[in-house]
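A.B. asks: pasting a predicted model and its sequence here:
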Amino acid sequence: QVQLVESGGGLVQAGGSLTLSCAASGNIFSFNAMGWYRQAPGKQRELIALIINANVDRVTYADSVKGRFTASRNNAKDTVYLQMNNLKLEDTAVYYCYCDANTAWGGRGYWGQGTQVTVSP
C-alpha cells in the first residue's frame, strides 16, 4: 500500500551533521503526519520529530533534539527530511521514518525499514 524508503544514514563524528531523507510511494490520498523516530540499542523506540497536518503544518520535537534537528517536507515529492546538526554520541540509533497516510483502504501508520546513524567521538 504505502512504502517508505529512507536514505542518508551513516557514520559521523560528534559535532557533525547528517541529513536523512524518506520518500513515500503508493496509492496515497493524503498524509495526516510524517516524521521520524529512533531506537537505540536496549531502548524503546522514541519520537524525534513529527510534522502534523491540519490546516497548517505543525512540528513536534523531542526535547533531546530541539535546536539541533529540523524536520521538513517536500509535498510535491511526498518526502520528509531530518536535518541533524551538532550530533552527539547519544544520537546513535536506528532512525525510522513514519507516516500516517490515507489510502483507498483507510488511514493508518506506516514505517520505513530504518537507517543506522552512528556518532563517533
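C.D. replies: Structure received. Just so it is clear, the structure is predicted and the values come from calculations on it, not from any experiment.
A.B. asks: so who does the residue nearest to Q116 when sequence neighbours are not counted touch?
C.D. replies: Nearest residue to Q116, sequence neighbours excluded (CB to CB, 6 or more residues apart in numbering): G9, at 5.0 Å. C-betas here are computed from N, CA, C, even on glycine. G9 is in contact with L18, L20, Y95, T115, Q116, V117, counting by CB atoms under 8 Å, 6 or more residues apart in numbering.
A.B. asks: out of the residues you listed, who's nearest G106?
C.D. replies: Y95 (26.9 Å; CB to CB).
A.B. asks: now the contacts of G9: which count as buried?
C.D. replies: L18, L20, Y95, T115, V117 (16 or more other CB atoms under 10 Å).
A.B. asks: kindly export stretch 62-70 (C-alpha atoms) in CSV.
C.D. replies: Taking Å, rounded to 0.1, in the frame of the first residue of the first chain, the C-alpha atoms of stretch 62-70 are listed here in CSV:
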residue,chain,number,x,y,z
ALA,A,62,11.7,15.6,21.3
ASP,A,63,13.3,17.8,24.0
SER,A,64,16.6,16.0,23.4
VAL,A,65,16.9,17.3,19.8
LYS,A,66,15.3,20.7,20.0
GLY,A,67,17.5,23.3,18.5
ARG,A,68,19.7,20.7,16.8
PHE,A,69,17.4,18.8,14.5
THR,A,70,15.0,20.2,11.9
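A.B. asks: quick check: buried residues in that stretch?
C.D. replies: V65, F69, T70.
A.B. asks: flag the shaky bits of the protein, pLDDT-wise.
C.D. replies: Within the chain, the segments meeting pLDDT under 70 span 54-57.
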